[in-house]
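Sequence first, then the predicted structure, then my questions.
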Amino acid sequence: MIDRGRTVRRPWTAAALVVTLAAAVLTVPTPARAAVSRADLALRWAPIHHQDVDVTGSHALAGRSDYITSVDFDGDLNGRNNWDRAAAPDVSFAAHAYYSVLETATHWYLTYFFFHPRDWTDHPFFETEHENDGEGVLFVVERDGSTYGTLRAAVTVAHSDFYSYTPAGSTWTSGRESIDGTLNFQTSPHDPHRHPVTGQEAKGHGLKAHPQYGIVGDGIVYYPSTVAETPEHADDRDVRYRLVDIFAPGGLWAQRANPNLFAHLGAFAGDTSGGCGTGTWACSVNSANAPWGWDDGDDLPARGEIATDPAKLSTEYFAIPGGLSRTYTHNPYASEAAALAEAARTAPPVVD
């Protein structure tokens, strides 16, 4: 007799259990791949960096004047004592580089900034030196659906000139500016990725794609990392540098109005104290730039736009199949775009 008030449960068989579990597994939704973080993007595309080093002359500090470091390497944010403090035995030359990531629907724009306490020379004729030095590179990465995208182009800063590069096989070609060379890649011993390779000259620290600038004699090879190592000597070929977000709370962008660090728009405060210019042609003041002060005066983009509006600069420098979006989905500079534009228009020129 069947009890109409109860559900009759048949005993499970092994075969039925397997089929049921398989169906359950198949119906579990696959989690969406998490979007890559800006810090991970910056680490992925950060350059392997070849820094030439000169150890001659008293201003070289046995090579330390060519080491990359942080703007507060001496424990403060006073730009006017960096030349002086670079000679102190208690300061840190742990390797750092600053980065920013801007986004549109079609591309990521990654800017890297390398800081030196001195731009120096070792002879008295025609060349000047100055306190602080800041040069760097912009990488443009296409958002092609892969985790880290595809690097399409680079623009480097060498004093008051920009130089443009594309990797082998890039679909980007010359725009208003001619392409100056090929951006090469190298595998890092500290991660599984092939990174773009850049180089800086000694003394003046102009930056280009390697090997247009590279190590001649002594030099440091810096590898991107999350730790900051200090070179053991002036010819150390494996030093890791730590990436620091320009937009971090209390970071470089947050200090943009600090008069001890910046004299005016993006120009580091620097003076002639501590022996800058001694035995040389001259020592200039307030002569180094943060990324929002970088400028190539002969080119159409305005001062700082290599960092603050890199989509605009890209359309000027390159011919881009399919074009690109000019609408930013992430650009912390944008909130002060009008003020930056006005400051760029009225600020005195800075010649690095």
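That came through fine.

Got the phi and psi for Leu61?
When read as degrees, to the nearest 10, the backbone of Leu61 gives phi 50, psi 40.

what about it, neighbour count?
18 (other Cβ atoms under 10 Å). The C-beta positions use only the backbone N, C-alpha and C, and glycine is treated the same way.

Pretty sure it sits against Ala87.
Yes: Leu61 lies in contact with Ala87 (Cβ atoms under 8 Å); the separation is 5.9 Å.

And the strands in the stretch 101-250 of the chain, which stretches?
Remark: strands assigned in the stretch 101-250 of the chain by DSSP state E, counting those that start in this stretch are 107-119, 128-142, 150-158, 161-167, 173-174, 181-183, 185-187, 194-200, 207-209, 219-225, 239-245.

To Ser65, which of the ones you listed lies closest?
Closest to Ser65 of the strands of the stretch 101-250 of the chain is strand 107-119 (Cβ to Cβ; 4.4 Å).

of all the strands of the stretch 101-250 of the chain, which lies closest to Ile68?
Using Cβ to Cβ, the strands of the stretch 101-250 of the chain put strand 107-119 closest to Ile68, at 4.8 Å.

doesn't Gly323 make contact with Thr104?
No: Thr104 is beyond contact range of Gly323, at 11.1 Å (criterion: Cβ under 8 Å).

who has more neighbours, those two?
Per other Cβ under 10 Å, whichever of Thr104 and Gly323 has more neighbours is Thr104, with 18 against 9.

Could you tell me the model confidence score at the more buried one?
Listed pLDDT for Thr104 reads 98.

Could you pull up the residues touching the nearest residue to Ile220 once chain neighbours are set aside?
For Ile220, ignoring the flanking residues on the chain, the nearest one in space by Cβ to Cβ, 6 or more residues apart in numbering is Gln51 at 4.5 Å. Counting by Cβ atoms under 8 Å, 6 or more residues apart in numbering, Gln51 touches 66-68, 199-200, 202, 215, 219-222.

Could you give the average pLDDT over the helix or strand where Gln51 lies?
For Gln51, the element it lies in under DSSP states H and E is strand 48-52. For strand 48-52, the mean per-residue pLDDT is 98.

Where does pLDDT dip in this structure?
1-34, 337-338, 343-344, 346-351 (pLDDT under 70).

mind redoing it with 90?
1-35, 122-127, 279, 281, 297-300, 335-352 (pLDDT under 90).

coming back round to it: tell me the angle the strand holding Gln51 makes with strand 107-119.
Angle, strand 48-52 to strand 107-119, by axes from the mean of the first three to the mean of the last three Cα atoms, to 10 degrees: 20 degrees.

tell me what the helix or strand that comes right after strand 48-52 is packed against?
Toward the C-terminal end, the helix or strand that comes next after strand 48-52 (DSSP H and E) is helix 82-85. If you count contacts as 3 or more Cβ pairs under 8 Å, 6 or more residues apart in numbering; DSSP states H and E, helix 82-85 packs onto strand 107-119, strand 128-142.

Show me what the residue nearest in space to the middle of the chain bridges to in the sheet.
Nearest to the geometric centre of the chain sits Tyr112, at 0.9 Å (Cα atoms, centre = their mean). On the basis of DSSP bridges, Tyr112 is bridged to Tyr99, Val137.

Would you mark the buried spots in stretch 141-152?
141-143, 148-149, 151-152 (16 or more other Cβ atoms under 10 Å).

Kindly check the end-to-end length of it for me.
End-to-end distance of stretch 141-152 (Cα to Cα, to the nearest Å): 6 Å.

what does it rub up against?
So stretch 141-152 is in contact with 33, 36, 40-41, 44-45, 105-110, 139-140, 166-167, 170-172, 183, 196, 320, going by Cβ under 8 Å, 6+ apart.

ok, now which ones touch Thr111?
99-100, 102, 136-139, 246, 291, 306-307, 310.

Can you show me the CA trace of stretch 64-75 as PDB?
The C-alpha coordinates for stretch 64-75 follow below in PDB (Å, rounded to 0.1, in the frame of the first residue of the first chain):
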ATOM      1  CA  ARG A  64      76.700  56.800  -6.900                       C
ATOM      2  CA  SER A  65      75.700  60.000  -8.800                       C
ATOM      3  CA  ASP A  66      74.500  57.700 -11.600                       C
ATOM      4  CA  TYR A  67      72.500  55.300  -9.400                       C
ATOM      5  CA  ILE A  68      68.700  55.500  -9.600                       C
ATOM      6  CA  THR A  69      67.000  56.100  -6.300                       C
ATOM      7  CA  SER A  70      63.900  57.600  -4.700                       C
ATOM      8  CA  VAL A  71      63.200  61.400  -4.300                       C
ATOM      9  CA  ASP A  72      63.400  61.000  -0.600                       C
ATOM     10  CA  PHE A  73      66.600  58.900  -0.600                       C
ATOM     11  CA  ASP A  74      68.000  61.200   2.100                       C
ATOM     12  CA  GLY A  75      64.900  60.900   4.400                       C
END
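
And it, how far out from the chain middle?
How far stretch 64-75 lies from its chain's middle: 16 Å, per Cα atoms, centre = their mean, to the nearest Å.

follow-up on the earlier one: please convert the strands of the stretch 101-250 of the chain to CSV, extending it with distance to Ala334.
Formatted as CSV, the strands of the stretch 101-250 of the chain follow (distance: least, Cβ to Cβ, whole Å):
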stretch, distance to Ala334
strand 107-119, 13
strand 128-142, 17
strand 150-158, 20
strand 161-167, 22
strand 173-174, 28
strand 181-183, 28
strand 185-187, 31
strand 194-200, 26
strand 207-209, 26
strand 219-225, 27
strand 239-245, 17
